[in-house]
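A.B. asks: coordinates only, no sequence provided:
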């Protein structure tokens, strides 16, 4: 019923044209001669103001760029004043400018005079005939203004928006032409466009959108695809701990999503730098903790509950409170007794409000007592001399210090010291023999030898073990394929989540931090051998992605699996950051026949200088027992140097490497077998053969 007929529409348009002829009805009217009637009596057809820019903002825009659209006015009976029937907001903005003396009170305003009978028609036509500009046109218009040399701040002021709005529109204008065309055609929505604008790379934008299935084109999925190799700042504890300012000052690259709100949408690209800064900051805190008297203090970017379970907790001792503390405790306890009586009275009187207040005060006093009691408990000097601490960060990026940690050997020594302090005899090991001439005492000595290895040395040696295991995996396609499938089965089919504690040590991420932990790793025999093998393959493969895929498709299955072994090898990671009795990846080491004596030799610099004099002499007693007495009279540096000479050719390995020696395993591929141009490369590599584990 409210629809307009064609005749009515033509009549309305004709009337509007008749009264809006600028050739005869346009005139300049002093601002002081214009009036605006109240809304309920005005002929302006816009009664309801939707969300628009404020009058002061509109006034600022007019002051900068001028009045771009004339007003519609109606002559009043006095022949001097004119009623504004179209452009009331512009009129109010001009009045504000006059009030601020930015323009004269009688500033000439361009106005189009309309007849009294058609005023409402003209007002309606002015509002109805407006056609909104397409947002893509706005984006490109802003970009054109910047290209002309206009500062962003000036553009923002001209259009009454913030500089951030201008930057966002410029960012959208920089989206690939293909995507902008899709936006104009309503095939791509604004949220998707904003997500894709996180990068300026048009090829990456197009690939992220057009190569993704339609059900993976939501804005969050597109954004993840473009930032998958970067660190999202608001979700990463290392970023919270280090701080964006420190990362930026270290010349770390930061990418910001202009369309994100608050602290979200910040991405960091240099993970190695972030970890380095976190390690340095933790190390400074560790120095302060070490000054407390602890025997050792370690730094770790993350510590799991399982990591802490490898330690025993040192006991705390309660000291006697000083006079002030004793008075405080006595006062709190007295008040607690008073509260107990008051609670009983409130219960008898059934006074619920009083009872709630007393219980709240009681909880507060109890917390104060517990806090005071905890402050009286601390570690003794003897405990600190044996125990240590780990400085790390939690999921919120806050520093966490785990104090009073005891390794097994330290806990045993502390227990022995406590027994002697109490007057008990020292515990003697059992003298049972298991037939090899060594009873429990012999086994304990071997264990203690490993226990006195520092965590730093354990980490360094585990790097060399990782390197040796990597080259062995590269030479054993069967073991490499089985390890790879093992991890995929547990993640895909069995829903296992091991994090860093992978049973076989293969996690599909290249281990690239070994040189930092062991500076002598790059020139080690295992590292050199793997590098040469990788170079052999790299020289045979095309660099272009499509050509590489075609080349891999053309390979025989056996050759392809050999290449897989070389790639899987670099992902093997059995590095440990603390001394442990059991080394990770033992099952894989057995399968590929890892023999550490083939890849590593104990030297003064690589091992003996980093253990105690007693440990060196104990080792010499195993490979050169007749030299122990002579070396025992020397200084440690001299003992280490002599031990290096004596151990050469004996095949002796530290306890941490002894579980890995020559094994009966599936035969390794010789270097010639692993060459890309192997004559047997086209033979079929059977899956059953690949997964076989020969004991």
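C.D. replies: It's in. Note that the coordinates shown come from a computational prediction; the quantities given were computed from them, not determined experimentally. Numbers count the residues shown, from 1 in each chain.
A.B. asks: which residues touch residue 257?
C.D. replies: Residues in contact with residue 257 (C-beta atoms under 8 Å, 6 or more residues apart in numbering) are 198, 223, 264, 265, 266, 267. All C-beta spots, glycine's among them, are computed from the backbone N, C-alpha and C.
A.B. asks: recalculate using a threshold of 6 Å.
C.D. replies: Contact partners of residue 257, counting by C-beta atoms under 6 Å, 6 or more residues apart in numbering, are 198, 265.
A.B. asks: could you measure from it over to residue 198?
C.D. replies: 5 Å (C-beta to C-beta, to the nearest Å).
A.B. asks: now do residue 75, the pLDDT please.
C.D. replies: pLDDT, residue 75: 88.
A.B. asks: that one bridge partners, please.
C.D. replies: residue 82 (DSSP bridges).
A.B. asks: now residue 109, what's its secondary structure?
C.D. replies: Counting by DSSP: H, G, I helix; E, B strand; the rest coil, the backbone at residue 109 sits in strand.
A.B. asks: where along the stretch 101-250 of the chain do the strands fall?
C.D. replies: 108-114, 231-232 (DSSP state E, counting those that start in this stretch).
A.B. asks: now the longest one: buried residues?
C.D. replies: This means strand 108-114. Buried residues in strand 108-114, counted by 16 or more other C-beta atoms under 10 Å: 109, 111, 112, 113, 114.
A.B. asks: quick one, what contacts the closest residue to residue 230 other than its chain neighbours?
C.D. replies: Nearest residue to residue 230, sequence neighbours excluded (C-beta to C-beta, 6 or more residues apart in numbering): residue 267, at 4.1 Å. By C-beta under 6 Å, 6+ apart, the residues touching residue 267 are 227, 230, 255.
A.B. asks: and stretch 317-327, end to end?
C.D. replies: One end of stretch 317-327 to the other measures 21 Å (C-alpha to C-alpha, to the nearest Å).
A.B. asks: what residues sit buried inside that stretch?
C.D. replies: residue 321.
A.B. asks: what sits up against that stretch?
C.D. replies: Residues outside stretch 317-327 that contact it (C-beta under 6 Å, 6+ apart): 376, 377, 380.
A.B. asks: repeat that for 8 Å
C.D. replies: Contacts of stretch 317-327 (C-beta under 8 Å, 6+ apart): 329, 372, 373, 375, 376, 377, 378, 379, 380, 383.
A.B. asks: correct me, but the second one touches residue 329?
C.D. replies: Put plainly, it is residue 372. Yes - counting by C-beta atoms under 8 Å, residue 372 sits close enough to residue 329 to count as a contact (6.1 Å).
A.B. asks: quick one on the thing from earlier: any chance of the strands of the stretch 101-250 of the chain in CSV, with distance to residue 164 and mean pLDDT too?
C.D. replies: Converted to CSV, those look like this (distance: least, C-beta to C-beta, whole Å; pLDDT from 0 to 100):
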stretch, distance to residue 164, mean pLDDT
strand 108-114, 33, 89
strand 231-232, 21, 86
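A.B. asks: can you give me the helices in the stretch 301-450 of the chain?
C.D. replies: 305-309, 323-349, 352-375, 381-386, 408-421, 440-451 (DSSP state H, counting those that start in this stretch).
A.B. asks: correction: the previous question concerned the stretch 51-200 of the chain.
C.D. replies: Going by DSSP H, counting those that start in this stretch, the stretch 51-200 of the chain shows helices at 55-65, 88-99, 119-128, 135-147, 152-158, 163-173, 177-184, 190-196.
A.B. asks: tell me what angle the first one forms with helix 88-99.
C.D. replies: So the one you mean is helix 55-65. On the basis of axes from the mean of the first three to the mean of the last three C-alpha atoms, to 10 degrees, helix 55-65 is oriented at 70 degrees to helix 88-99.
A.B. asks: now do helix 55-65, average pLDDT.
C.D. replies: Mean pLDDT, computed over helix 55-65, is 80.
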